[in-house]
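> pasted the sequence and its predicted model underneath.
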Amino acid sequence: MNLTTTRNIGIMAHIDAGKTTTTERILYYSGKTYKLGEVDDGEAVMDWMEQEQERGITIQSAATTTFWRDHQINIIDTPGHVDFTAEVERSLRVLDGAVAVFCAVGGVEPQSETVWHQADRYHVPRIAYINKMDRLGADFYAAVEEIREKFAACPVPVQLPIGKEGGFSGVVDLIAMEELAWDAEAGGQNITRSPIRGELAGLAAEWREKLVDAVASHSDEITELYLSGEAVPADLIKKALREQTIARQIVPVLCGASRRNYGVQPVLDAVVDYLPSPTDVPPVQAFNPKKEEHFGLPCDPKGNPLGLVFKVQYDREAGPLCYVRMYSGVIKTAGTVYNVGKKKRERVTRILRMHSNKSEAIDEIQAGDIAVFVGMKAAQTGDTVGSEGWPMLLEHMHFPEPVITVAIEPKTASDRDKLKETLDILSKEDPTFQTGDDEDTGQLVIRGMGELHLDVLVTRILKDFKVGAKVGNPQVSYRESITRKVEHAERYERTMAGKEVAAGVTLTVEPLERGSGNVYEKAVRGGKVPEEIFDAIERAVNNAFGGGIVLGYPCVDIGVKLVGVDYDELAATPFAFEACASMAFDEACRKAGPVQLEPVMKVDIMTPKDYLGDVMSLLSQRGGIINGSDSRAAVDIVHAQAPLSVMFGFSTSLRSVSQGRASFSMEFSHFEQKR
């Protein structure tokens with residue numbers, strides 16, 4: 001495997017921008033599939049789950065590998081719906097580049113912003129593809145301007161559309177200065193290149209100058225040619241575009257209409273030409289837990305093996321399938337790997353190259369590649385796998401907190417164990433899906449990111465896993481936090497099996513900024529206290545975060561600092577310190593002004609202009625706060641915030657005030673004190 005000819009890319013976008021349709025075309029033109037799969041017909045290769053085919057949306061990110069111009073391209077097609085944002089998060093964490101798909105009519109839609117900022121967080125270079133140029137209301141130039149304004153990015157068109165809406169017939173290639181037209185009858189397989197027609201020559205020259213100007217500001221060689229009035233060769237422009245795309249200074253913009261098979265092959269060319277190989281991206285940050293230091297790890301197949309499990313998927317026959325991105329070294333089939341975080345050895349019985357839900361066995365996976373490990377039992381999303389002699393940790397992924405709760409119970413006693421087993425499998429697959437018992441009612445509850453998220457998971461429990469279960473109505477999942485800083489010392493003394501056990505722990509608890517999560521910190525030097533005692537205290541505090549303070553809801557945004565340990569080696573046991581730390585946390589938080597928090601959602605409503613007033617009024621009546629609105633050619637977009645508790649059933653009310661023409665998307669924003 002040649003690292004310089006490898007690309008690990010994701011396809012990301014707002015729901016319905018055409019990600020899966022574009023991916024299907026990419027697979028067809030690169031020879032991976034022999035017929036075009038359509039999302040609308042439920043035949044898309046990448047949407048292989050029965051629910052994805054029924055609903056016409058992507059739910060799970062699907063991985064595949066294809067080849068183009070002697071380059072191996074590993075592709076992950078990600079979901080667009082906000083409820084499945086974790087799928088996008090974990091995919092972007094391990095990818096080197098991304099293709100951001102935008103709808104030429106909708107431009108930068110709310111979820112486009114979410115995925116773009118996720119890509120920013122992981123420093124992922126990207127190219128933009130403006131799809132649906134054949135749709136009524138398509139506007140390429142407005143979409144480019146929106147990318148510039150909303151993302152503070154530097155979009156640089158490398159193509160211009162020829163015509164738009166029903167008259168869209170091809171593109172102008174601004175690098176080769178040619179027109180490209182596709183043969184619709186041959187499924188877009190054949191591309192005809194011809195000189196630029198007279199009426200487009202002026203526009204093409206103007207945008208070509210903008211392109212050269214954009215790359216010249218980063219390339220002395222191009223600047224010299226430009227200033228001396230000489231022609232700038234295409235190879236030089238591509239080289240400068242590649243460098244600046246990888247440096248995330250420029251976003252090359254292409255356009256097309258994937259459904260009509262126009263414009264997809266140039267996207268593949270752009271992936272090869274402009275997006276980075278594993279050796280072009282900065283070294284991944286690894287952490288040495290023994291020396292407590294971070295360092296950059298270069299992508300080297302000859303190095304020590306190190307990879308990240310970024311997704312776990314359950315297969316009925318094979319068990320857990322662990323999707324792994326390798327960052328260093330090589331792992332072979334039928335070998336053992338060391339799960340660094342869990343400190344466990346695991347056996348890898350097979351390594352698979354995935355194509356959606358189909359696979360082929362390979363002998364090994366090396367640095368820079370993505371594959372699936374079969375046989376690992378304990379691995380979870382975010383785990384680092386490597387070798388025991390070189391235990392390095394890769395940065396964990398951050399997932400949003402689940403905000404909706406649903407009670408679920410088995411129909412019969414025989415379904416009970418099966419339900420528990422199924423919930424365990426699903427929570428391993430999806431880090432934003434949690435299960436637990438409600439202390440007040442004793443019911444088994446499941447938590448997720450939204451109504452659609454839980455609806456999909458419940459359908460999987462009932463249909464795919466065939467578990468008989470009754471499901472309640474969705475409820476809001478509240479949180480608890482504290483309002484002031486408190487220090488508390490706790491002493492634990494018991495007689496167990498005739499032996500005195502004792503422990504003393506002093507903790508400081510303080511409120512943290514909203515959204516910063518829970519933080520545990522050890523501010524005590526080891527000295528004579530063994531490491532297992534500190535491990536027991538940390539374990540107790542982390543478990544206490546989930547148990548709540550007064551009402552039993554999980555805690556958020558609390559900083560805990562261990563400032564004192566009273567250790568007597570004759571009476572100390574890890575269990576005693578675990579119990580003592582748990583009591584210390586509980587008492588400290590009760591003194592620190594506990595408060596109940598409710599989830600507040602970021603709501604974006606798309607409505608025709610005629611219904612704008614009614615829609616705003618509906619949201620205000622429910623207690624939502626309107627932050628502003630954007631006006632587009634066909635619709636207005638209202639940006640607002642509202643407590644989740646007032647948003648149940650909102651879609652029905654919205655449809656009735658807008659005659660079914662308005663739609664909305666909603667994602668978790670933050671927790672704030674309940675009104």
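Thanks, I have it.
> need the three-state assignment for residue 377.
coil (DSSP: H, G, I helix; E, B strand; the rest coil).
> contact partners for it?
Listed by CB atoms under 8 Å, 6 or more residues apart in numbering, the contact partners of residue 377 are 319, 320, 346. In this view, the C-beta of every residue, glycine as well, is placed from N, C-alpha and C.
> residue 489: which of the residues you listed is nearest?
When the contacts of residue 377 are compared for distance to residue 489 (CB to CB), residue 346 wins out at 41.1 Å.
> distance of the residue lying closest to that closest one once chain neighbours are set aside relative to residue 114?
Once flanking residues are discounted, residue 346 sits nearest to residue 376: 4.4 Å by CB to CB, 6 or more residues apart in numbering. Distance of residue 376 to residue 114, given as CB to CB, to the nearest Å: 31 Å.
> over to residue 592?
33 Å.
> ok, now residue 375?
The gap separating residue 375 from residue 114 is 35 Å, by CB to CB.
> residue 606 too?
Counting by CB to CB, the gap from residue 606 to residue 114 is 15 Å.
> and the residue nearest to residue 346, its phi and psi?
In terms of degrees, to the nearest 10, the main-chain angles of residue 376 are phi -80, psi 130.
> for it, what are its contacts?
Contacts of residue 376 by CB under 8 Å, 6+ apart are 309, 320, 322, 337, 339, 346, 347, 348, 385.
> also residue 23?
Contacts for residue 23 (CB under 8 Å, 6+ apart) come out as 11, 46, 64, 75, 77.
> wasn't the fourth one part of a strand?
In other words, residue 75. Yes. Residue 75: assigned to a strand according to three-state DSSP.
> who's it bridged to?
Residue 75 has these beta-bridge partners by DSSP bridges: residue 9, residue 64.
> pretty sure it contacts residue 12?
No. With contact defined as CB atoms under 8 Å, residue 75 does not reach residue 12; the gap is 11.3 Å.
> neighbour count: those two, which is higher?
Taking neighbours as other CB atoms under 10 Å, residue 75 and residue 12 compare with residue 12 leading, 30 against 25.
> ok, and the closest non-adjacent residue to that one?
Per CB to CB, 6+ apart, closest to residue 12 is residue 115, 4.4 Å.
> next SSE after whichever helix or strand that neighbour is part of?
Residue 115 belongs to helix 110-121 when assigned by DSSP states H and E. Sequence-wise, the next helix or strand beyond helix 110-121 is strand 126-131, with elements assigned using DSSP H and E.
> mean confidence for that next one?
Across strand 126-131, pLDDT averages out at 97.
> do stretch 666-675 as well
82.
> contacts for that stretch next, please.
82, 85, 111, 114, 400-401, 403, 449-450, 478-479, 481, 514-515, 556-557, 595-604, 623, 641, 643-644, 647.
> among the contacts of residue 376, which ones are buried?
Buried members of the contacts of residue 376, counted by 16 or more other CB atoms under 10 Å: 309, 320, 322, 337, 339, 346, 348, 385.
> nearest spatial neighbour of the last one, skipping sequence neighbours?
Put plainly, it is residue 385. Residue nearest to residue 385 in three dimensions, not counting chain neighbours: residue 337, with 4.5 Å by CB to CB, 6+ apart.
> OK, contacts around that neighbour?
Here residue 337 is in contact with 305, 307, 331, 345, 346, 347, 348, 373, 376, 385, 386, 387 (criterion: CB under 8 Å, 6+ apart).
> switch to 7 Å and redo it
Under the criterion of CB atoms under 7 Å, 6 or more residues apart in numbering, the neighbours of residue 337 are 331, 346, 348, 385, 386.
> you'd agree it is in a strand?
Yes. According to three-state DSSP, residue 337 belongs to a strand.
> quick one: it from residue 305, how far?
The gap separating residue 337 from residue 305 is 7 Å, by CB to CB.
> repeat that for residue 89.
Taking CB to CB, one finds residue 89 at 25 Å from residue 305.
> inside strands: which ones of the contacts of residue 337?
The strands, defined by DSSP state E, take in 331, 346, 348, 385, 386 from the contacts of residue 337.
> isn't the second one right next to residue 331, touching?
No. Between residue 346 and residue 331 there is no contact under CB atoms under 7 Å: 10.9 Å.
> before we move on, the earlier item: so of the contacts of stretch 666-675, which ones are in strands?
479, 481, 595-604, 641, 643.
> quick check: closest non-adjacent residue to residue 462.
Leaving aside its chain neighbours, residue 462 sits nearest to residue 469 (6.5 Å; criterion: CB to CB, 6+ apart).
> check residue 555 too.
residue 545 (4.8 Å).
> chain center to the helix or strand hosting that neighbour, what's the gap?
Using DSSP H and E, residue 545 sits in helix 531-547. Relative to its parent chain, helix 531-547 has a centroid offset of 29 Å by CA atoms, centre = their mean, to the nearest Å.
> any residues touching it, and which ones?
505, 518, 520, 522, 554-555, 560, 562, 567, 572, 574, 577-578, 581-582, 585-586.
> show me the contacts for the closest residue to residue 465 other than its chain neighbours.
Leaving aside its sequence neighbours, residue 465 sits nearest to residue 422 (CB to CB, 6+ apart; 4.4 Å). Residue 422 sits next to 461, 465, 467 when contact means CB under 7 Å, 6+ apart.
> among the residues you listed, the buried ones, what's the ChimeraX command?
Here is the ChimeraX command that picks out the buried ones among these, judged by 16+ other CB under 10 Å:
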select :461,465,467
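> please pick out the residue of this structure most distant from its centre.
residue 498 (53.0 Å; CA atoms, centre = their mean).
> which ones are touching it?
Contacts of residue 498 by CB under 7 Å, 6+ apart: none found.
> quick check on residue 591: phi, psi?
According to degrees, to the nearest 10, residue 591 has phi -80, psi -10.
> what about it, how many residues close to it?
Neighbour count of residue 591, defined by other CB under 10 Å: 13.
> now do the contacts for it.
Residue 591 neighbours (CB under 7 Å, 6+ apart): 486, 488.
> state the distance from it to residue 481.
Note on residue 591: its distance to residue 481, by CB to CB, is 14 Å.
> check residue 237 too.
53 Å.
> now swap in residue 519 and tell me
13 Å.
> with neighbour numbers in mind, choose between the two.
residue 481 (24 against 12).
> is the more buried one bridged to anything, and to what?
Counting by DSSP bridges, residue 481 is bridged to residue 595.
> for it, list the residues it contacts.
By CB under 7 Å, 6+ apart, the neighbours of residue 481 are 511, 555, 556, 557, 558, 595, 597.
> by neighbours, which of those wins?
residue 558 (26 neighbours).
> didn't that one look like it was pressed against residue 513?
No. In this structure, residue 558 is not within contact of residue 513 by CB under 7 Å, at 11.3 Å.
> who touches both of residue 337 and residue 305?
Shared contacts of residue 337 and residue 305, counting by CB under 7 Å, 6+ apart, come down to 331, 386.
> burial check on the closest residue to residue 5 other than its chain neighbours, number of neighbours?
Excluding its sequence neighbours, the residue lying closest to residue 5 (CB to CB, 6+ apart) is residue 71, at 4.6 Å. Neighbour count for residue 71, taken as other CB under 10 Å: 18.
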